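> Build me a model:
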Amino acid sequence: MKLQLDAEALYAELLVGVRNLLQPEAVLVGIWSGGAWLAERLHADLGLPGRPGVISSALHRDDFGSRGLAAASATQLPFEIEGRHIVLVDDVLYTGRTIRAVINELYDFGRPASVRLAVLVDRGGRELPIEAGFAAARIVLPPTQSLELARAEGGRLSFSLQERR
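Here you go, the predicted structure:
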């Protein structure tokens, strides 16, 4: 059986879910790279002021020694973190290790009032006690597979399923 996920339909669900998570004065922070694409689009579709933040997990990952900084974007938070309500946005939630690293990075910039997590897909397989406040879809994949979000030139989103080596 082939997995079929409509990323655009899930994005519409994510938009509703994030709208419900937002508190007054909340800001969106997308996790590099798929989460950053989603946060950028959500920010525009929700008509929020300013621009969304982008955060990288690279410097706080527990596998930094083997991954390094290759293909990592630098964190860009164009607003104050201290005392803010933050909605973290990511494409796929799996083990929770990226979220843990991102929260550590976020606290390097200040102490937020709250941090909520919204994801396009929660694929299960958690290794840490991390839960999304909103997930547009929940699926189960074997550890040998990865789900990757792609963005076409016009901004259209799609998923591909990859076998891990």
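> Contacts only, for E82.
Counting by C-beta atoms under 8 Å, 6 or more residues apart in numbering, E82 makes contact with G110, R111, P112. C-betas here are computed from N, CA, C, even on glycine.
> What subset of those is buried?
Buried members of those, counted by 16 or more other C-beta atoms under 10 Å: P112.
> With respect to S33, which of the contacts of E82 is nearest?
If you rank those by distance to S33 using C-beta to C-beta, P112 comes first, at 22.1 Å.
> Hmm, that closest one is touching E80, no?
No - if you go by C-beta atoms under 8 Å, P112 and E80 don't touch, sitting 9.7 Å apart.
> Helices of this structure, residue ranges please.
Read by DSSP state H, the chain holds these helices, from start to end of the chain: 7-21, 34-45, 64-67, 97-107.
> pLDDT of the third one, averaged?
For helix 64-67, the per-residue pLDDT values average out at 53.
> ditto for the second one
When the per-residue pLDDT values of helix 34-45 are averaged, the result is 97.
> And the first one, by the same measure?
Averaging pLDDT along helix 7-21 gives 98.
> Was I right to think I103 contacts R116?
No - with contacts counted by C-beta under 8 Å, I103 stays clear of R116, the gap being 11.5 Å.
> Touching both of the two, which residues are there?
Contact criterion C-beta under 8 Å, 6+ apart; residues shared by I103 and R116: L88.
> Show me what the closest residue to A26 other than its chain neighbours bridges to in the sheet.
Across the structure, with C-beta to C-beta, 6 or more residues apart in numbering as the measure, the residue nearest A26 apart from its sequence neighbours is H85 (4.0 Å). Judged by DSSP bridges, the bridge partners of H85 are S114.
> Run a quick check on H85 versus G133, I expect a contact.
No - counting by C-beta under 8 Å, H85 does not reach G133; the two are 11.6 Å apart.
> Quick check: the residue nearest to A26 vs A136, distance?
H85 sits at a distance of 21 Å from A136 (criterion: C-beta to C-beta, to the nearest Å).
> Looking at these two, which has the bigger crowd around it?
Set side by side, H85 and A136 give different neighbour counts by other C-beta atoms under 10 Å, the larger being at A136 (23 against 16).
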